[in-house]
Structures are given as C-alpha cells and as structure tokens.
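A.B. asks: Quick one: sequence and predicted model below, then my questions.
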Amino acid sequence: MHRPFWTRGVIGALALWGAPLAAQDAPPSPTPLLVAGDLRDGTDLSGPWHYSIDPFRSGISGFHGGMPDIGQQRWRDVDVRKAMASDSRVLYEFDLARSPLTTLPSSWLTEAPELRHYQGLMWYQRSFPAPTQRHGRYFLRFGAANYATVVYLNGQQVGRHEGGFTPFAFDVTKLLRDGDNQITVGVDSQATEATVPPPVTDWENYGGITRPVRLVATPDTYVDDAWVRLTRDGKLAVDLHLDGPAAANQAVQLRIPELGLDRSGTTDAQGNWRATMAAPRALVRWSPERPRLYDVAINAGEDRWRDRIGFRTITVRGADILLNGKPIFLRGISMHEEELGTDPTRAMTPAAARALLSEIKEGLHGNYVRLAHYPHSDSTLRLADELGLLVWSEVPVYWQVAWSNPDTLARARTMVAENVLRDRNRAAIAIWSVANETPVTDARNAFLRTLVGDVRRLDDTRLVSAALLVERSKTADHPVMTLADPLAKDLDVLAINTYNGWYTTDRLADLQTSEWRVPLDKPLVFSEFGADARAGFHDPVNGQKFSEEFQADYYRYTLKMADTLPSLRGMSPWILKDFRSPRRQNPDFQQGWNRKGLISETGQRKAAFDVLAGYYQRKAAGQ
C-alpha cells in the first residue's frame, strides 16, 4: 500500500508551524501569511490548468525511495519535447505542459469518468505572467486544496500544507521572474489513519484544488492579520499583527468611516498592536433581522487592509443563548459544501453559495446554518454575513481519528488555528465546533479538550461546542436518552445528534414519549436529526422509509418531541440538500447519495421542507 507523500516526513502543518505539539503545550501560533481572508486585490489564477495523475506517487519518491528520477520530477521548469529532442539520454515520463486541461477551482473527481473515485496524487500546472516593475512582496494564496499539497514555482519548492479546507499562502517574492512563471502543484487526497478526517467518512472528499488560487501583492511590511470585533462586554477591540522589516514601532490607524471612528496607535517590538475602546453610539449591532456590515480599514505604513465586518455579541446565560444580550432560538439546518446539480465538484462560487443559503434564509425562515463537517469556503461565510445567518463552523475531527497520535493532534490544532484566524472577523460565526460523533475514551477526551482550549485562547468572543452522541436505553414504555459524555462540561453549548425512528426501531408515534436526561444548566441544540427520502418517491398508504411521506412524518414527530425539551435552544436537522456519499449504495434510493436532504441534489423541495419551514415560521412569530 502506497502511503500519501506527507506521511513520509514531517511536513504540512508540522513543517510550517514547527514540531508536533503535546496537549499541555501552548496552542499553535502560526504567522498567518494571509490566512485571514481580507479583501486584498490579487491576480486570480483560476481557469485552465494542465493535470496529470500520479497513482504510484513517482513524482514524490524514487524507485528505491529518496528523490525521484529526473524523468519523474513533474515540477521541473523544462520544455520536455525540446529536452528529449536535444538529449535522448534523459527519459521524461511526463509532459505537464501538454497534458489535458481542467478548469480550477474544482475537483478531479468530476473531470473524467475514470477519475470518479480516484484517491491519490494529482499534479497541476500552468503559467502566468508576473507583474512588471514589481515592488514589495508576493504571495501565492490557496483558498484550499484537498488534502496535502506541495507547491513549486519555476522549478523550486516553495512550501507544503496539510488539511483540505483551510487557506495557506507562501512568499514567492524571490522566485518570481520577468515574463512567464510556471507554477506546479501536487495534491494528494489519500487519507490515512493519522489524517484529519480519517479514511472513513459519510461524505465525498473531493480531491483537488477546490478553492481559488491568487497571486497577492503587499508592501514589504504589511498587515498579516487583523481582528476587529465587539468584546463580550460590548467594547470595540482590535488586534493587529504586521509582518516585515518595518513591523516594529510602526504607526497604525483603524478607521470605520460610517461610525466616525478613527483610532491611531503604534505597534510593539513584535509588530503587534492591541486596542480597546468604547463602541460608537451610532453602531448598529449585526443580527439575522438586520445584518449590518461596516467598511473597516487599517493603515500601516504603505499598506492598507480592509474588510466588511459586522459587530455583535454571542454569549450564554444558563440554558439561553444570547445574541446582543437577548435570547435567541437557532432555527437552522446542516449543510455540506456541495453545489446544486447532478455532478457537483465542490466549486462553491458566490452564486452557488447564494442558491443554498437563500433556501435556508427565505425558504425555511431560518436564522442559522451548521456548516458540516469542515470549514466551508470564504464565499459561503461572507454571504452568511450578508444574509444574516448565524453559523456553526467545524473542523473535520470526525468519528474515529488517531486520538493517541501526537502528529494527528498537531494537525487538528493547526486546522483549528487556521479556521479561527480566517473567519474570526465574520459576524455570522457563533459557534466553533471541535468534533462530530466521536467515541468516548480518555485519549479522545484529552485530544478534544486540547482543541477546546486552543479555540478559547484564539477567540474568546464566541461559543464552543461539539456534536455529541447519547447513551440509549429503554424503560417498559419509553426510550431514554442520556447525555453522559464527559466533554459536555467543557462546552458552552450542548449539541446532540439523534436519529430516533430512523436508525432505531422506534415507531414515530413513540418519539414524543422519549425521556431526555441532559444537563439543564446549559443550552441544548439538536445538531442533527433526519430521515432519507428520494425526491419524487411517494408511498402515502404505508409511509415506507425513503418515501417523502415518511420523511415528512419523521419531521412532524421529531419536532413535537423537541418541543418537550425545556433547555432546547436550537436545531440544525440533517440536511439541507442531498449530497454524495460513496458509502450509501442502495440501488433503489441512494445510488451513492445521502438522501436526507430537504431538497434534492438539483434543488427539488421534498414534503418535509414545508414541515420544517412551517415550524420555523411559527417559532419566528413567537408561537
């Protein structure tokens, strides 16, 4: 069995941020390198790229290990045809410049029928012109590539990254040349027991460069990270980090013109500036009903950083979730990052994100979305800000990861850091989740408590949760669900995935008699519940599973059960849209799709959509 290339050494997150971190160590504090997605201009490298499969990873490892032969070094800056014509002693077994073309961002799984289930190493290459009269610094910024990535520019390696859903960037200032520049990217999608997520999931892991690649220019000293927000006590705060030769003792200025705010300061010896001030009286707090965003700018020397930011507070008080100090019920749904259509390729454009989020906001009368089971695209988060949808954001610590492996913990910690650093300026983010449906062991508890601690140190303004399971038993006349997970005491919001009546033998009519033994001093959300239905399949007489009638009845009974829980403060049923899942192979109803969506893969609403929409409409009206 061939191991993915990142398992052959300490690379990716470990190489970028240092050696593996033990649970008691401080959280990873990477130089963001433009991880935080502000609104900087850049050269978009989306579009046609050449691609070539490498199923035996011969471009990474030679015949007996070590460096591959010249004839397998895909990243070489060479015209293969000319080189072979001039020197027949060298055998080139690739020619990326003349390989087939694909359009990025997208996954290779949809490029050709023979690639539909390919998991392994893929090479991409294209050329682009460098700007003339270059000044300052230049970075190659990737929105995401799944899963492990190595990047070369003009034949030189510039860096590696591990993790399929968070951004990364490399400084390529010294490698750019006048005229055309060749960029070559190797992306390996193969999961192992040590990766995050592990090999077995319940969704399609799309290999490839699935989010945009940009060449970003900055001054020599630039704003590498800025976090502007309301603190929990309602003050306006800013944390700023400059990177570059003039980062220390640099004059900086925070401006929010619409609020008349203009605050100046000076960075310390490490290039950091932190300030707290009273919130302007004119500030309108962001909410789902009024998602107010402000243009925010930071000036630092020659650099100007800008973003669109909303300001609000999110806290808990007993069993209540408080948005801007007022209780809120989270009327939500879960969602995978997969665009509408029969052949999705995880190209989540702004239009694709709007098509899905509008179904939640307008169709379901929702105010909340659980973005499962990994960080979703910048486009989705920014649109949630704009539309007014609160967000649960999650890292892919899913099911059974290698809890005792320090390298796996280090990978997960880096993913948490990259996720928080990218999105902590998004008003929509309400809950950071560190895991989904993980089995309780001492090793798992220590692993997840480390991630919880990291989140709290990186962002003390939001809530922390994880989707947990319950222990199930039964009395003589009703089922009993007990939340006994020891992680519960470490979380702000208790979240439970429950599928009573779908994965259990309970009759739907029995759900209302269910007894829930959960702590009542914290807010509870149902992070998942649901039932499959194939759009257009009806069985009104018998209500067979996979029929629209069964799914609609499942929602009716589950929602009635939900109303009996005194501490329930929200829900995100599973799921908005049918999504690809290779483990789901019932030939009549699934065909490789998880059919729990309230809409089909093409957007056809099922009967249960209206059931949930009506329930949320009544909730919104206070009924």
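C.D. replies: Right, received. Where do you want to start?

A.B. asks: what pLDDT does Ser527 get?
C.D. replies: Ser527 carries a pLDDT value of 98.

A.B. asks: On the three-state scheme, it is what?
C.D. replies: strand (DSSP: H, G, I helix; E, B strand; the rest coil).

A.B. asks: just checking, it touches Val470?
C.D. replies: No. Using CB atoms under 8 Å, Ser527 is not in contact with Val470; the gap is 11.6 Å. The C-beta positions use only the backbone N, C-alpha and C, and glycine is treated the same way.

A.B. asks: Look at those two and report which has more neighbours.
C.D. replies: Neighbour totals were compared for Ser527 and Val470, and Ser527 leads with 30 against 18 (other CB atoms under 10 Å).

A.B. asks: What's the separation between that one and Asp510?
C.D. replies: 22 Å (CB to CB, to the nearest Å).

A.B. asks: quick one, strands of the stretch 151-300 of the chain?
C.D. replies: For the stretch 151-300 of the chain, the strands defined by DSSP state E, counting those that start in this stretch occupy 156-162, 168-171, 180-188, 213-218, 222-230, 235-243, 251-256, 261-266, 272-278, 294-300.

A.B. asks: of all those strands, which lies closest to Tyr206?
C.D. replies: Closest to Tyr206 of those, according to CB to CB: strand 180-188, at 10.7 Å.

A.B. asks: Distance from that closest one to the middle of the chain?
C.D. replies: Per CA atoms, centre = their mean, to the nearest Å, the displacement of strand 180-188 from the mean C-alpha position of its chain is 24 Å.

A.B. asks: Offset the numbering so it begins at 16, please.
C.D. replies: That works, and once the first residue is 16, the last one we named lands at strand 195-203.

A.B. asks: Relative to it, what are the paired strands and their orientations?
C.D. replies: Looking at strand 195-203 with DSSP bridges, its partner strands are strand 136-144 (antiparallel), strand 163-168 (antiparallel).

A.B. asks: intersection of neighbour lists for Ser542 and Val485?
C.D. replies: Shared contacts of Ser542 and Val485, defined by CB atoms under 8 Å, 6 or more residues apart in numbering, comprise Ile511.

A.B. asks: which stretches of the stretch 466-615 of the chain have low pLDDT?
C.D. replies: Counting by pLDDT under 70, the stretch 466-615 of the chain contains no low-confidence range.

A.B. asks: And the helices in it?
C.D. replies: With helices called from DSSP state H, counting those that start in this stretch, the stretch 466-615 of the chain shows them at 563-577.

A.B. asks: Quick check: Gln172 touching Arg91?
C.D. replies: No. With contact defined as CB under 8 Å, Gln172 does not reach Arg91; the gap is 11.6 Å.

A.B. asks: Extract the CA atoms of stretch 182-197 and return them as PDB.
C.D. replies: Output in PDB follows, covering the C-alpha atoms of stretch 182-197 (Å, rounded to 0.1, in the frame of the first residue of the first chain):
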ATOM      1  CA  PRO A 182      -6.300  28.500   3.300                       C
ATOM      2  CA  PHE A 183      -2.500  28.700   3.100                       C
ATOM      3  CA  ALA A 184       0.000  31.100   1.500                       C
ATOM      4  CA  PHE A 185       3.700  31.100   0.500                       C
ATOM      5  CA  ASP A 186       6.000  34.000   0.000                       C
ATOM      6  CA  VAL A 187       7.300  33.700  -3.600                       C
ATOM      7  CA  THR A 188       8.900  37.200  -3.900                       C
ATOM      8  CA  LYS A 189      12.400  35.900  -4.700                       C
ATOM      9  CA  LEU A 190      11.200  33.200  -7.100                       C
ATOM     10  CA  LEU A 191       9.200  35.300  -9.500                       C
ATOM     11  CA  ARG A 192      10.800  36.200 -12.800                       C
ATOM     12  CA  ASP A 193      10.000  38.600 -15.600                       C
ATOM     13  CA  GLY A 194       7.700  37.100 -18.200                       C
ATOM     14  CA  ASP A 195       6.000  33.700 -17.700                       C
ATOM     15  CA  ASN A 196       6.200  31.800 -14.400                       C
ATOM     16  CA  GLN A 197       5.500  28.100 -14.100                       C
END
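
A.B. asks: Assign a three-state SS to Ser394, would you?
C.D. replies: Following three-state DSSP, we place Ser394 in the helix state.

A.B. asks: Okay, it and Arg441: tell me how far apart.
C.D. replies: Between Ser394 and Arg441 the computed distance is 12 Å (CB to CB).

A.B. asks: how deep is the residue lying closest to Gly179 once chain neighbours are set aside tucked in, by neighbour count?
C.D. replies: Excluding the flanking residues, the one nearest Gly179 by CB to CB, 6 or more residues apart in numbering is Asn161, at 3.2 Å. Residues within reach of Asn161, counting by other CB under 10 Å, total 22.

A.B. asks: Pull the contacting residues for the most centrally placed residue in the chain.
C.D. replies: For the chain, the residue nearest the mean C-alpha position is Pro390 (0.7 Å; CA atoms, centre = their mean). Pro390 makes contact with Phe180, Thr181, Ser408, Glu409, Val410, Met430, Glu433, Asn434, Arg437, Asp438, according to CB under 8 Å, 6+ apart.

A.B. asks: Same check on Asn169?
C.D. replies: Going by CB under 8 Å, 6+ apart, Asn169 touches Asp92, Leu190, Leu191, Arg192, Asn196, Gln197.

A.B. asks: farthest pair in those?
C.D. replies: Asp92 and Leu191 (12.8 Å).

A.B. asks: Quick check on these two: which one has the bigger neighbour count.
C.D. replies: Neighbours per residue, other CB under 10 Å: of Asp92 and Leu191, the larger number sits with Leu191, 16 against 13.

A.B. asks: which residues of the stretch 516-638 of the chain fall in strands?
C.D. replies: 530-532, 539-543, 583-586, 594-595, 608-609.

A.B. asks: possible to save the contacts of Asn169 as a markdown table with pLDDT and distance to Glu352?
C.D. replies: Shown next, in a markdown table, are the contacts of Asn169 (pLDDT from 0 to 100; distance: CB to CB, whole Å):
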| residue | pLDDT | distance to Glu352 |
| --- | --- | --- |
| Asp92 | 93 | 34 |
| Leu190 | 96 | 32 |
| Leu191 | 97 | 32 |
| Arg192 | 96 | 36 |
| Asn196 | 98 | 30 |
| Gln197 | 98 | 30 |
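
A.B. asks: that older thread, of Gln172 and Arg91, give the one with the bigger neighbour count.
C.D. replies: Arg91 (20 against 14).

A.B. asks: for stretch 403-420, what is the average pLDDT?
C.D. replies: 97.

A.B. asks: Let's see the distance spanning it from one end to the other.
C.D. replies: 39 Å (CA to CA, to the nearest Å).

A.B. asks: Ok, stretch 187-207 next?
C.D. replies: Using CA to CA, the span of stretch 187-207 from its first residue to its last is 31 Å.

A.B. asks: Same check on stretch 444-460?
C.D. replies: 25 Å.

A.B. asks: Just the buried residues of that stretch, please?
C.D. replies: Neighbour-count burial for stretch 444-460 flags Ile444, Ala445, Ile446, Trp447, Ser448, Val449, Ala450, Asn451, Glu452, Thr453, Arg459, Asn460 (criterion: 16 or more other CB atoms under 10 Å).

A.B. asks: Mind putting these into TSV with pLDDT, secondary structure and distance to Arg471?
C.D. replies: Below are the buried residues of stretch 444-460 laid out as TSV (pLDDT from 0 to 100; DSSP: H, G, I helix; E, B strand; the rest coil; distance: CB to CB, whole Å):
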residue	pLDDT	secondary structure	distance to Arg471
Ile444	98	strand	14
Ala445	98	strand	15
Ile446	98	strand	13
Trp447	98	strand	9
Ser448	98	strand	13
Val449	98	strand	11
Ala450	98	strand	15
Asn451	97	strand	19
Glu452	97	coil	22
Thr453	97	coil	19
Arg459	98	helix	19
Asn460	98	helix	16
